[in-house]
Every structure is written in C-alpha cells, then in structure tokens.
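whatever this is, show me its structure:
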Amino acid sequence: MTANAFLLLSGRIGRNFLLTISMFLVLNSATGQKFSLGIRAGGSFNWASFRDKVQKDTFSVKPTTGFNVGALIGFPLKNNYSVIIEGGFSQKGRVLKESTLLENHSTYRFVDGALLLRKAYKFQLSDNVPAEWFLSIGPEVGYWLSGSGYFTAGGPRYPYELEFDRVPDGNMDYLYYNNANRVLFSLVLGAGIKAPLKNNTAISVELRFISGHTNLGSNKYDYPTREWYASLLNYNDTLRMNLKTISLSVAYTYDFDKIEARKGKSTVKKRMKKGR
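Next comes the predicted model:
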C-alpha cells in the first residue's frame, strides 16, 4: 500500500468513526441528562517513525519523554459505552542523528483534541468497591504550536527556537521550517481502570498508544540550516516522519446527573409545602 493510499484509507476510517459516534449520540439522546467533567494529566514516551527506507538508512532516532495536561467531558451511552471528548496541551520531541556524531534534540509543543469511544466492563475492585476497566479508540488532532532544541556532538550545545514559514535571515537563534505540517492526525488506542471516590467523583488510570499518521513535513529532506548550521555543523534534516507516543495518565472526574438533581429539588419543595 502506497503512502497516499494509506492516508486516504485513514481519512475514510476517521470520517466513518465520526459518523458512528454521531449516530450513537442521536440514538442515546435520553442519556444526555448524564455527563462527566474532569481533568487529565500524565507523562509520555515518544519516538519518531520513518516511512521511507532511504531515510531509515540515513538517519537514526532516539526516544524522548514528554507530558500532557487537559480537560475532558464524557457522555454515557447504552451497553456501557461512552463518548469522551478531550482537549489540552502536550509536549513531545525527537532526537535525530545523521551519520556523523551530531545530534538534533528537539522539543515540540502541541494543542490537542481527541474524540474517543469507550467500552467499559464492570468488576469488583474489592469488597463493596465497584470498579470498571475500559478500552478506548478514536482520532486525535493536534496543532503544532512551537518548538525548541539544540545541536550537540558530545560537547557544546547550540540552542535554537523553531520558526515556521519564515525566510532565513542569518539569525543564529532560530531553526527554520518552511515545509512543516502543523495540523497532525493520530489514532488513539487506550486501556485503563476507573474506580469511584466520594461524592460522585472517580479516578482513572489509562495507558495509551498514540500512532501519528501525519508526517511532520512533506519533503523527504529539509535543509532548514542553510544560513550557518550547514557550513558550521554539516547538518541535514528531515520532517518526513511521524510521532509515536506511549502515555500513562491519571484523570479525576465528577459525574453529573440532572435527573437525580431534579428529583432532589422536587422532594425539598414538597417538604416545604407540607411544612406550611
């Protein structure tokens, strides 16, 4: 399968998934009286993946660590399904090395959003403590905000800040990318455990694999360092790679039930009337 065919198939899968989620929400609109709000944070382990064999033979990569923070809202559906909508901020990176000793240590910052379908399975965590484990799947969209990094060959570091779509002007503090894809699509696969706390709150722990489908750039080879890096450090670059991530996160959620809340208000009103 060619890269273009793979991207086309991924796009179709994404559209079909969004259509399926929309149908779930329409068919289960009665459960819209219940929803959850929460926050999520965790750490990640990231690495870059090449699609072209020539680049795999030319460059090598090392994994990096990162993190993610954000908020979520969940809507329960029938048969222990639910839809989770997330938004937040993440930091990822890569270490790229050519045939020389020179390494490019990059840190990237993104704004992310995900739409996940979750299936839960209930079990007893201990006596009188119900819990559930769950599986999640869905698309994630990220926007590449900014980045920074440094070059090193085992000695001094040459730091830089990323600049997108800007003509190099000789400023040694910047690394220029004019062929970057700043909107990135990924597929999220997750598994976790959710346990209840007091007062309609719960805590969840989830392990996720996030497979980037969009390359960081469209060109096979990029030369963002024409001004001075190329002559001083003899460095070539490539953005024709995507990012893979394994993350472990913790979420704290509060469950809202409008129907139960209304019942409570009605009971209070009836008691007040009887007291009169």
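
list phi and psi for residue 57.
phi -80, psi -20 (degrees, to the nearest 10).

state the distance from it to residue 111.
As for residue 57, its distance to residue 111 is 34 Å (criterion: Cβ to Cβ, to the nearest Å). Placement of C-beta: from N, CA and C, glycine included.

is it correct that residue 192 is in contact with residue 132?
No - look at residue 192 against residue 132 with Cβ atoms under 8 Å: they stay out of range, at 9.3 Å.

picking that back up, among residue 57 and residue 111, which residue is more densely surrounded?
Shown here are residue 57 and residue 111; by other Cβ atoms under 10 Å, residue 111 has more neighbours (14 against 10).

how much space between that one and residue 169?
Applying Cβ to Cβ to residue 111 and residue 169 gives a distance of 27 Å.

again with residue 251
On the measure of Cβ to Cβ, residue 251 and residue 169 end up 44 Å apart.

those two: which is more packed in?
residue 251 (23 against 9).

and the helix or strand where that one lies, which strands flank it?
Residue 251 is located in strand 241-257, with elements delineated by DSSP states H and E. Sheet partners assigned to strand 241-257 using DSSP bridges are listed as strand 34-50 (antiparallel), strand 201-212 (antiparallel).

and those: which comes nearest residue 85?
Ranking the strands paired with strand 241-257 by their distance to residue 85 (criterion: Cβ to Cβ) puts strand 34-50 first, at 10.0 Å.

state the mean pLDDT of that closest one.
Mean per-residue pLDDT for strand 34-50: 93.

show me what counts as buried in that strand.
Within strand 34-50, the residues scored as buried using 16 or more other Cβ atoms under 10 Å are 34-36, 38, 40, 42, 44, 46-48, 50.

ok, now stretch 53-64?
59, 61, 64.

gap between the last one and residue 55?
What that stands for is residue 64. In terms of Cβ to Cβ, residue 64 sits 19 Å off from residue 55.

ok, the second one next?
When distances are taken as Cβ to Cβ, residue 61 and residue 55 turn out to be 10 Å apart.

joint contacts of those two?
Between them, residue 61 and residue 55 share these contacting residues under Cβ atoms under 8 Å, 6 or more residues apart in numbering: residue 241.

list the contacts for residue 214?
181, 183-186, 242.

again, only using 6 Å
In this structure, residue 214 makes contact with 181, 184-185, judged by Cβ atoms under 6 Å, 6 or more residues apart in numbering.

ranking those by neighbours, who comes first?
The most crowded member of the contacts of residue 214 is residue 184, carrying 21 neighbours; neighbours defined as other Cβ under 10 Å.

could you give the mean pLDDT of stretch 257-273?
The average pLDDT within stretch 257-273 is 56.

low-confidence ranges, the stretch 51-200 of the chain, go.
In the predicted model of the stretch 51-200 of the chain, residues 99, 170 satisfy pLDDT under 70.

show me the strands in it, by range?
For the stretch 51-200 of the chain, the strands defined by DSSP state E, counting those that start in this stretch occupy 60-62, 64-76, 81-97, 103-126, 129-152, 157-164, 174-177, 183-196.

just name the most buried of those.
Greatest average neighbour count among those goes to strand 174-177 (a mean of 22), per mean count of other Cβ atoms under 10 Å.

pull the CA atoms of it into PDB?
Extracted in PDB, the C-alpha atoms of strand 174-177 (Å, rounded to 0.1, in the frame of the first residue of the first chain):
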ATOM      1  CA  TYR A 174      16.400  30.100  15.100                       C
ATOM      2  CA  LEU A 175      15.900  26.900  13.100                       C
ATOM      3  CA  TYR A 176      13.600  27.500  10.100                       C
ATOM      4  CA  TYR A 177      11.000  25.100   8.900                       C
END
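
nothing else from me, thank you.
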